[in-house]
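K.L.:
Whatever this is, show me its structure:
(chains A and B)
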Amino acid sequence: MKPAYIRVAAVTLLAGCCLAAAAAANEQSVELRPDAGRDAVEAHCAACHSLDYVLMNSPFPTAAQWDAEVAKMIKVFGAPIEDADARIIADYLKKNYGS
Amino acid sequence: MAAWSGVALAGAVPRRAAAIMATNLPKGLAAGTLNEAVLDALPGKKPLIKLSWRPPNYETPIEYFRQPITPNDAFFVRYHLSNIPEMDAATWQLAVGGEGAAGTVVFKLDDLKVMPPAEIIAVNQCAGNRRGLFLPHVTGVEWGDGAMGCAHWKGVRLKDLLNRVGVKKEAIEIVFEGADGPVTTETPKFVKSIPLWKAMEETTLVAFEMNGKPLPHFNGYPARLIVPGWTGTYWMKHLVSIRAITKPEQSFWMKSAYRIPVGLFPAAGHFASQETAVNTPITEMMVNSLITSHHHGAIVAGAAPLVIGGVAWDAGYGVDVVELSFDGGRSWQRAKLGEDLGRYAFRPFSLALTPGWKGRLTVLARASNRIGQTQTSQLIQNPAGYHNNMIQSLTIEVT
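P.N.:
As a prediction, the model looks like this:
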């Protein structure tokens, strides 16, 4: 089960747009592997996109590629993620969805 | 929202196997892609192959390419960013201006509808179509074969809009923005430009009709840009702003994304103002084809006539030859070409044979165009996985 606050956050972000809100409901079927760091991935990454982006891009990225993806989300797409959380997220992705 | 009908997967079937059965995606995709892909219907759409929920990225099952025109409700859906507003045609406005224009004119949909009409049948293909089939895999939306479609677009010529406003002689690019955007202001908005010469071509349109109907919401309602021959990245949806500029557009989506190494792919139409020493914006589509009559692993009876068919397309030079090989590329047979709907359209092809034996039949398809370009036998590697036009190999089990 995902923490309830994630669902609330996703729905609040998309409130006012019924097409997107419907997508938010549907994407709850996406289930990341339970492991240390999953909460950080769900809290930060799902702010802008559904988590099937992670699963779709697996298990082929190398450790360096997952590092680069996380860095791109922060530096290029402006995701407000602190360095400590970025490391936790990258470690989780490498361990669970890397090659 | 009754239209949201994600297809439930049977619990007893492993998810990956179920996904392949449901979507018939090529098995060369990554395991994670095959696991996540499901058939799902967006509002106003038939069940398409969902690759991501938010933003929505859905590809068209290949059955819909058995005809040269792709139905509106089966046309693929591609968004980069998740903030997608509902559009109201009655209040929609399109501002045409910019520092490279003589002024600004705001057009409403009714204004466009009284201008000289223009129409074209053209393929819209995502630059990353078949990205998921790159080996080694490349990150991004892991498209199979269906990030494309061909439709009859109707609207007005972009050059007619620009001429109404007046373009300064210093203008070099035309910039486009849609109503959709990012979730946070820190994320670069999806902004694209094309060179002035391409903007002024007769075939570059602002379309408000698709196959005789208003555009579906998820294909850019109420109006989108049509850039025949060029990859889908320029075909801005939910178009609200057109600007002429005198210096190259600097947005992330031009300077960093959608670029290919210089000299790697043939393209007659250059985008000189955006080109660097090492890379250049992706522009023209590469000549390509897809067998649509059969899925990989299809089972057919050997005694019966077998018709292999599909569609071929290119950047508008016109496909003039499609060949099939049944011996791994040692010999090739010309397929019969179907109706010619114009040089930017899908060109159907077919070839009939009666195998008369049992076993595995491997079919290769290779399209060539009027300027002698042909599909490649080996994948041309590039960082973002664009322009996959490698010759397709499909196996059919003859019983």
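
K.L.:
residue boundaries of the helices in chain A?
P.N.:
Applying DSSP state H to chain A gives helices spanning A:4-13, A:18-26, A:38-45, A:52-56, A:63-75, A:83-97.

K.L.:
The fourth one near chain B at all?
P.N.:
Yes. Counting by Cβ under 8 Å from any Cβ of the partner chain, chain B is contacted by helix A:52-56 at A:52-53, A:55-56. Any C-beta I mention is one placed from the backbone N, CA and C, and that applies to glycine too.

K.L.:
which stretch among the helices of chain A comes nearest B:R347?
P.N.:
helix A:52-56 (31.3 Å; Cβ to Cβ).

K.L.:
follow-up on the earlier one: show me the two of the residues of helix A:52-56 next to chain B that sit farthest apart.
P.N.:
Those two in those that are separated most widely, counting by Cβ to Cβ, are A:Y53 and A:L55, at 7.6 Å.

K.L.:
For B:S393, which non-adjacent residue is spatially closest?
P.N.:
B:L364 (5.4 Å; Cβ to Cβ, 6 or more residues apart in numbering or on different chains).

K.L.:
bridging residues for that neighbour?
P.N.:
For B:L364, the beta-bridge partners are B:S325, B:S393 (DSSP bridges).

K.L.:
what's around it, how many residues?
P.N.:
By other Cβ atoms under 10 Å in any protein chain shown, the residues close to B:L364 number 19.

K.L.:
how much space between B:C150 and B:L239?
P.N.:
20 Å (Cβ to Cβ, to the nearest Å).

K.L.:
Neighbour count for the two, which is higher?
P.N.:
B:C150 (25 against 22).

K.L.:
which residues sit in contact with the closest residue to chain A within the stretch 251-399 of chain B?
P.N.:
The stretch 251-399 of chain B approaches chain A most closely through B:F252 (6.2 Å), counting by Cβ to the nearest Cβ. Residues near B:F252 by Cβ atoms under 8 Å, 6 or more residues apart in numbering or on different chains: A:76, B:188.

K.L.:
so what's the residue in chain A that chain B sits nearest to closest to, chain neighbours aside?
P.N.:
Closest contact between chain A and chain B, by Cβ to the nearest Cβ, is at A:G78 (2.5 Å). Take A:G78 and drop its neighbours on the chain: the residue closest to it by Cβ to Cβ, 6+ apart is B:E186, 2.5 Å away.

K.L.:
any idea whether the one you found is helix, strand or coil?
P.N.:
coil (DSSP: H, G, I helix; E, B strand; the rest coil).

K.L.:
Just list the residues touching it, thanks.
P.N.:
A:77-80.

K.L.:
Give me the pLDDT for B:G269.
P.N.:
Note on B:G269: pLDDT of 78.

K.L.:
hang on, it in a helix?
P.N.:
No. B:G269 is assigned coil when assessed by three-state DSSP, not a helix.

K.L.:
For it, grab the count of nearby residues.
P.N.:
15.

K.L.:
For B:A345, pull up the helix or strand it's in.
P.N.:
Using DSSP states H and E, B:A345 is not contained in any helix or strand.

K.L.:
Give me the distance between the nearest residue to it once chain neighbours are set aside and B:W153.
P.N.:
Nearest non-adjacent residue to B:A345, counting by Cβ to Cβ, 6+ apart: B:I121, 4.3 Å away. According to Cβ to Cβ, B:I121 stands 7 Å off from B:W153.

K.L.:
Neighbour count: those two, which is higher?
P.N.:
Remark: of B:I121 and B:W153, B:W153 carries more neighbours, 26 against 18, as counted by other Cβ under 10 Å.

K.L.:
what's the helix or strand for that one?
P.N.:
Counting by DSSP H and E, B:W153 is found in strand B:148-157.

K.L.:
for that strand, packing partners?
P.N.:
In terms of contacts (3 or more Cβ pairs under 8 Å, 6 or more residues apart in numbering or on different chains; DSSP states H and E), strand B:148-157 is packed against strand B:118-125, strand B:205-210, strand B:306-313.

K.L.:
from chain B, which residue is nearest to chain A?
P.N.:
Counting by Cβ to the nearest Cβ, chain B gets nearest chain A through B:E186, at 2.5 Å.

K.L.:
now that residue: how far from A:K75?
P.N.:
10 Å.

K.L.:
Please apply the same query to A:D91.
P.N.:
18 Å.

K.L.:
okay, these two: which has more neighbours?
P.N.:
Using other Cβ under 10 Å as the criterion, A:D91 and A:K75 rank with A:D91 on top: 19 against 9.

K.L.:
And for the closest residue to that one other than its chain neighbours, the neighbour number?
P.N.:
Among residues not flanking A:D91 along the chain, A:G37 sits closest, at 5.9 Å (Cβ to Cβ, 6+ apart). Around A:G37 there are 20 other residues, counting by other Cβ under 10 Å.

K.L.:
Over to B:A118?
P.N.:
Count around B:A118 with other Cβ under 10 Å applied: 20.

K.L.:
quick one: contacts for it?
P.N.:
If you count contacts by Cβ under 8 Å, 6+ apart, then B:A118 has B:154-157, B:160, B:202, B:205 around it.

K.L.:
out of the residues you listed, who has the most neighbours?
P.N.:
B:L205 (27 neighbours).

K.L.:
if I look at that one, how far off is B:I172?
P.N.:
21 Å.

K.L.:
Kindly state the pLDDT recorded for A:R7?
P.N.:
39.

K.L.:
Across the sheet, point out what pairs with the residue nearest the centre of chain B.
P.N.:
Centrality entry for chain B: nearest residue to the mean C-alpha point is B:Q125, 1.3 Å, by Cα atoms, centre = their mean. Beta-bridge partners for B:Q125, by DSSP bridges, are B:M148.

K.L.:
list the contacts for it?
P.N.:
B:147-149, B:231-232, B:285, B:313.

K.L.:
near chain A, which residues of chain B show up?
P.N.:
B:1, B:4, B:6, B:30-33, B:35-37, B:40, B:43, B:51-56, B:81-86, B:136-137, B:139-142, B:182-188, B:217, B:252, B:256.

K.L.:
Among those, which are located in strands?
P.N.:
Here DSSP state E is the test, and those give B:40, B:51-52 as lying in strands.

K.L.:
and B:L225, what element?
P.N.:
strand B:224-226.

K.L.:
Direction included, what does that strand pair against?
P.N.:
Here, using DSSP bridges, strand B:224-226 pairs with strand B:205-210 (antiparallel).

K.L.:
Packing partners of the helix or strand just after the partner strand?
P.N.:
Downstream of strand B:205-210, the first helix or strand assigned by DSSP H and E is strand B:213-214. Of the remaining helices and strands, none touches strand B:213-214 by 3+ Cβ pairs under 8 Å, 6+ apart.

K.L.:
per-residue pLDDT, B:G302?
P.N.:
pLDDT, read off for B:G302, is 82.

K.L.:
What sits closest to residue 40 if chain neighbours are left out?
P.N.:
Went with chain A since none was named. Per Cβ to Cβ, 6+ apart, closest to A:A40 is A:I88, 4.7 Å.

K.L.:
That was the other one, I meant chain B.
P.N.:
B:K50 (4.2 Å).
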